[in-house]
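Asker: give me a model of this one.
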Amino acid sequence: MSRMIYHSPYEAYPFLADDDADLRCDFEILTDRMSSLTGILAAKCPELGKELLRIDELIYHFNPSLRTEFTITEEEISWLHRQTQKLFAETGKGTSLFVLPAGSERASAAHLLRTDGKALVRLLYRARSRGLDFPDALIDFANLLSGYFFAAALWLNKQDGVEEIPFASRNYRQVP
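Answerer: Prediction:
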């Protein structure tokens, strides 16, 4: 016998009681978290403040993409890719670098966002495996967000005079 789902009159978001197999609300909560953390990072990073606020806005446009439509443009995706490459170039480090997710407070905040970006990619793959149809560009954009925040973490550590701590896994072979 199934029970009726209780809906609080104070419900913080109308989709919180969605079926647990429906990952759209989880996607929206995670993008909301990323947007909020991006706002915090923007407040701590005047050098990247305007750029981070633009990314913050893009994340909020990304938020309803599974429920409605994907409205991030190819131009916006290209801009985020260019910004990511610029940050990597300014650090002199590449994307295959393995470092401890540590350093300055600002870089550590960027690492949290990098990790949330990966969680977002994983959630999108789970949604796709459950039959939800959406453009591949959602996966591309989520991956770019993770990459951008990794580059930002490296860049912020460099700006803050903090050396990266290389990490060599005991369990995974290092990529040359």
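
Asker: remind me which residues of the protein are low pLDDT?
Answerer: Filtered on pLDDT under 70, the chain yields the residue ranges 1-2, 94-96, 173-176.

Asker: the helices in it, which residues?
Answerer: Ranges of helices within the chain are 24-44, 49-62, 74-91, 105-129, 137-159, based on DSSP state H.

Asker: turn these into a markdown table, columns for distance to Pro9 and mean neighbour count.
Answerer: Heads up, the C-betas are built off the backbone N, CA and C, glycines and all. Output for the helices of the chain, formatted as a markdown table (distance: least, CB to CB, whole Å; neighbours: other CB atoms under 10 Å):
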| stretch | distance to Pro9 | mean neighbour count |
| --- | --- | --- |
| helix 24-44 | 19 | 19 |
| helix 49-62 | 26 | 18 |
| helix 74-91 | 38 | 15 |
| helix 105-129 | 29 | 19 |
| helix 137-159 | 33 | 23 |
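
Asker: save these as TSV, and put in distance to Val99 too.
Answerer: Listed next are the helices of the chain as TSV, based on distance: least, CB to CB, whole Å:
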stretch	distance to Val99
helix 24-44	18
helix 49-62	21
helix 74-91	11
helix 105-129	9
helix 137-159	8
